[in-house]
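**Student:** structure for the following, please:
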Amino acid sequence: VELESRNSPEKEERRVTEEITFKALKNVIVGSVDMEEQDREWRRQVMEKFQRAPFKEIAAHCGPRATQLHRRLNQILEITIRPPPSPAGTMLSSHGQSQRSS
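**Tutor:** Here you go, the predicted structure:
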């Protein structure tokens, strides 16, 4: 990578170089191959578990996480969604009590 500083008052020229070695490239390629292999193995294990495990075991494993995600989604929706104002100028709060809109 080379950088030139043409807009500076001194008209300096700076050169920045980055050395890329064969070993560095090899490590990147080998690392990505290892990650792909780990990903393939993980997917194989998940597929095997879903094919062989009883439904109750799968549901027990997925249930708590689904419940947690559902609760979090409800919290987000409560924060972001407001009911539209009623024609009479009052609106219901989230607790079912009417409030006067300003």
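**Student:** for this structure, which segments count as helices?
**Tutor:** 22-52, 55-80 (DSSP state H).
**Student:** out of those helices, flag the one nearest Ala88.
**Tutor:** helix 55-80 (23.7 Å; CB to CB). Quick note: C-beta positions are derived from backbone N, CA and C, even for glycine.
**Student:** got the angle between the closest one and helix 22-52?
**Tutor:** 110 degrees (axes from the mean of the first three to the mean of the last three CA atoms, to 10 degrees).
**Student:** for the protein, which helix or strand comes out least confident on mean pLDDT?
**Tutor:** In the chain, no helix or strand scores lower on mean pLDDT, DSSP states H and E than strand 98-100, which sits at a mean of 53.
**Student:** pLDDT weak spots in the chain?
**Tutor:** 1-17, 89-102 (pLDDT under 70).
**Student:** 90 instead?
**Tutor:** For the chain, the stretches with pLDDT under 90 are 1-37, 49-50, 55, 57-65, 78-102.
**Student:** got the helices of the chain as a markdown table, with distance to Ala88 and mean neighbour count columns?
**Tutor:** Listed next are those as a markdown table, based on distance: least, CB to CB, whole Å; neighbours: other CB atoms under 10 Å:
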| stretch | distance to Ala88 | mean neighbour count |
| --- | --- | --- |
| helix 22-52 | 53 | 10 |
| helix 55-80 | 24 | 10 |
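**Student:** wait, which of those is closest to Ser86?
**Tutor:** helix 55-80 (19.1 Å).
**Student:** and Val46, what does it touch?
**Tutor:** Neighbouring residues of Val46 by CB atoms under 8 Å, 6 or more residues apart in numbering: there are none.
**Student:** now it: how far from Arg71?
**Tutor:** Going from Val46 to Arg71 by CB to CB, to the nearest Å gives 25 Å.
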